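Student: only geometry, no sequence info:
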């Protein structure tokens, strides 16, 4: 007993340091595991916080960049500057005053395979005078207005599947801005009831971002009461 | 011990979900910005809206059909095509697809008529609407300029007769 006296004293000292209402720490042996569990939770918690910050930053970036692009894209184009011109007479068109002539008598080419019932192809003849060099700050377009409805012209790639011979002489809108002389037909797919219309030539002025800023348009009345069959 | 493990697992699952959310937001954001970088800004307005019931050839049973007409002013950077992929109509509330722009599919047609309202012009728009009356919860329809993948522009509303 005497031999154990130092241990007994030490135990007593520990009990005296402890407050009387405190239970003895019977689980002190698990403390390292608790610490380990806390550390195990800390890593995913920190990761979650970091990922949340990344998600919020990403969302903010896309929102701000989207607003910026929407603002940049919002180009208001004023009403087209329109002029009425006579068919079969040459007139100056666009900022480069290109000489243009449109034939009064267009042609109705009737139905072809690949189009819906009640529709037909018509074409109008157009001659474009010489333009010494291509105008890079513009794009062009042809439309046929019937009543209040506009029909865009058919491109050669649309025609070549069924009628490659038409595609070869089809004029496209961009050729209004191209150099050299051009002569050909502009094709439209319209309702079968159409026998006349207004051929519109549009010159679209572009800014440095290639957005359309303004439109100059010329209109010529064309008839399509003459039906043509054959390849040309 | 068991409780501690579960708490840790929950955080790992949350972290995984956050990673998925980051990836999803990244993909959506890239697609959104890509669409915006090529899309024009739209300036268009609608006037003189009229709607009347019709019975077009090829109409399906169980649906109601209406002819919608209006005048569109286009001050946007691009032409507005008079078609379902460019102009959208949906009910103000209820199922989005209760109303659709009717465009019967015909595989023999390779060359389609594409009326449009050119840049800087005022043009007539006529659309046939296919309405599912069972899915419709309101008579008010919203008309939008809704090019695929781009931010829609609301043009106005019309009441079904």
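Tutor: Cool, got the structure. Please read these numbers as outputs of a predicted model, since none were measured by experiment.

Student: so where's chain A shaky on pLDDT?
Tutor: Applying pLDDT under 70 to chain A flags the ranges A:1-37, A:230-232.

Student: one more pass at 50, please.
Tutor: A:1-2, A:24, A:27, A:232 (pLDDT under 50).

Student: which residue ranges of it form strands?
Tutor: A:81-85, A:91-93, A:98-102, A:107-110, A:119-128, A:138-146, A:149-152, A:182-191, A:196-206, A:212-223 (DSSP state E).

Student: quick check, the longest one touching chain B?
Tutor: Yes: Strand A:212-223 comes into contact with chain B (Cβ under 8 Å from any Cβ of the partner chain), by way of A:212, A:214, A:215, A:217. All C-beta spots, glycine's among them, are computed from the backbone N, C-alpha and C.

Student: and that strand, how far out from the chain middle?
Tutor: 24 Å (Cα atoms, centre = their mean, to the nearest Å).

Student: what's the angle between it and strand A:98-102?
Tutor: Put simply, strand A:212-223 runs at 30 degrees to strand A:98-102, going by axes from the mean of the first three to the mean of the last three Cα atoms, to 10 degrees.

Student: could I have the buried ones of the residues of strand A:212-223 next to chain B as ChimeraX selection syntax?
Tutor: The buried residues among the residues of strand A:212-223 next to chain B can be selected in ChimeraX (16 or more other Cβ atoms under 10 Å in any protein chain shown) with this line:
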select /A:212,214,215,217
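
Student: tell me which two in the residues of strand A:212-223 next to chain B are the farthest apart.
Tutor: A:212 and A:217 (12.2 Å; Cβ to Cβ).

Student: sorry, back to before: pick the one among the residues of strand A:212-223 next to chain B closest to residue A:182.
Tutor: Using Cβ to Cβ, the residues of strand A:212-223 next to chain B come closest to residue A:182 at residue A:217, 18.7 Å.

Student: distance check, that closest one against residue A:38.
Tutor: 75 Å (Cβ to Cβ, to the nearest Å).

Student: mind listing what the closest residue to residue A:180 other than its chain neighbours touches?
Tutor: Sequence neighbours aside, residue A:130 is the residue nearest to residue A:180 in space, at 6.3 Å (criterion: Cβ to Cβ, 6 or more residues apart in numbering or on different chains). Applying Cβ atoms under 8 Å, 6 or more residues apart in numbering or on different chains to residue A:130 gives the contacts A:99, A:179, A:180, A:181.

Student: again with residue B:28
Tutor: residue A:62.

Student: just confirm it is within a strand.
Tutor: No: Residue B:28: not assigned to a strand; according to DSSP: H, G, I helix; E, B strand; the rest coil it is helix.

Student: still on that earlier bit, so which of the contacts of residue A:130 is the most crowded?
Tutor: residue A:99 (14 neighbours; other Cβ atoms under 10 Å in any protein chain shown).

Student: surely that one touches residue A:126?
Tutor: No: using Cβ atoms under 8 Å, residue A:99 makes no contact with residue A:126, being 11.5 Å away.

Student: now the spatially most central residue of chain A: how far from chain B?
Tutor: Centroid check for chain A by Cα atoms, centre = their mean gives residue A:73 as the closest residue, at 10.0 Å. Look at residue A:73 and chain B: by Cβ to the nearest Cβ, to the nearest Å, they are 4 Å apart.

Student: my guess is that residue meets residue B:43, correct?
Tutor: No: Residue A:73 lies out of contact with residue B:43 (Cβ under 8 Å); the separation is 10.7 Å.

Student: would you check that residue A:88 makes contact with residue A:124?
Tutor: No: applying Cβ under 8 Å as the test, residue A:88 and residue A:124 come out as separate, 11.6 Å apart.

Student: next, the buried residues of the helix-or-strand element of chain B with minimal mean pLDDT.
Tutor: One helix or strand of chain B scores below all others by mean pLDDT, DSSP states H and E: helix B:2-38, with a mean of 83. If you call a residue buried by 16+ other Cβ under 10 Å, then helix B:2-38 has these buried ones: B:8, B:11, B:14-15, B:18, B:21-22, B:25, B:29, B:32-33, B:35-36.

Student: thinking again about what came up before, and the strands of chain A as a markdown table, adding distance to residue B:67?
Tutor: Below are the strands of chain A laid out as a markdown table (distance: least, Cβ to Cβ, whole Å):
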| stretch | distance to residue B:67 |
| --- | --- |
| strand A:81-85 | 29 |
| strand A:91-93 | 37 |
| strand A:98-102 | 33 |
| strand A:107-110 | 27 |
| strand A:119-128 | 19 |
| strand A:138-146 | 18 |
| strand A:149-152 | 14 |
| strand A:182-191 | 15 |
| strand A:196-206 | 22 |
| strand A:212-223 | 28 |
